[in-house]
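A.B. asks: Model the structure of this input:
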Amino acid sequence: LKVLIVDRLRLEGLTPDRIGDDMPLFGEGLGLDSVDALELVVGMEKEFGLSIKSHEVDKESFRSVASLARFVRLALSEDPAKRERQGA
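C.D. replies: Okay, the predicted model is just below:
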């Protein structure tokens, strides 16, 4: 997820290892905005084979890398075919 964030959002000068698991992604953390959130959703859909509905995108799920990881794990666990494709 950290690599996806840096690459997809083209965060120049930032490496994945400098993003803490609990660092806020928005506001005072990485400073992402709503456009970044949309780009992140598209990237996660492509990377993990998910279909993320707009009502699933909430502040808590997208608060940090750790919360995003929980979100992805839950989404993959709800669909066994997705879980098999991702090797989860």
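A.B. asks: Check whether the residue nearest to the spatial centre of the chain sits in a helix, strand or coil.
C.D. replies: The centroid of the chain falls nearest to L68 when counting by Cα atoms, centre = their mean (4.8 Å). Secondary structure state of L68, per DSSP: H, G, I helix; E, B strand; the rest coil, is helix.
A.B. asks: Identify the residues contacting it.
C.D. replies: Shown in contact with L68 (Cβ atoms under 8 Å, 6 or more residues apart in numbering): L1, L25, M44, S61, F62. Every residue, glycine included, has its C-beta placed from N, CA and C.
A.B. asks: With neighbour count, distance to R18 and secondary structure as added columns, please give these in TSV.
C.D. replies: Formatted as TSV, the contacts of L68 follow (neighbours: other Cβ atoms under 10 Å; distance: Cβ to Cβ, whole Å; DSSP: H, G, I helix; E, B strand; the rest coil):
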residue	neighbour count	distance to R18	secondary structure
L1	20	14	coil
L25	20	13	coil
M44	21	20	helix
S61	16	22	coil
F62	21	19	coil
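A.B. asks: Tabulate those residues in a markdown table, adding columns for distance to T15 and pLDDT.
C.D. replies: A markdown table is the format used below for those (distance: Cβ to Cβ, whole Å; pLDDT from 0 to 100):
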| residue | distance to T15 | pLDDT |
| --- | --- | --- |
| L1 | 14 | 96 |
| L25 | 16 | 95 |
| M44 | 20 | 95 |
| S61 | 24 | 92 |
| F62 | 21 | 93 |
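A.B. asks: Other residues contacting stretch 39-55?
C.D. replies: So stretch 39-55 is in contact with 1, 4-5, 8-9, 32, 57, 62, 68, 72, 75-76, 82, 85-86, going by Cβ under 8 Å, 6+ apart.
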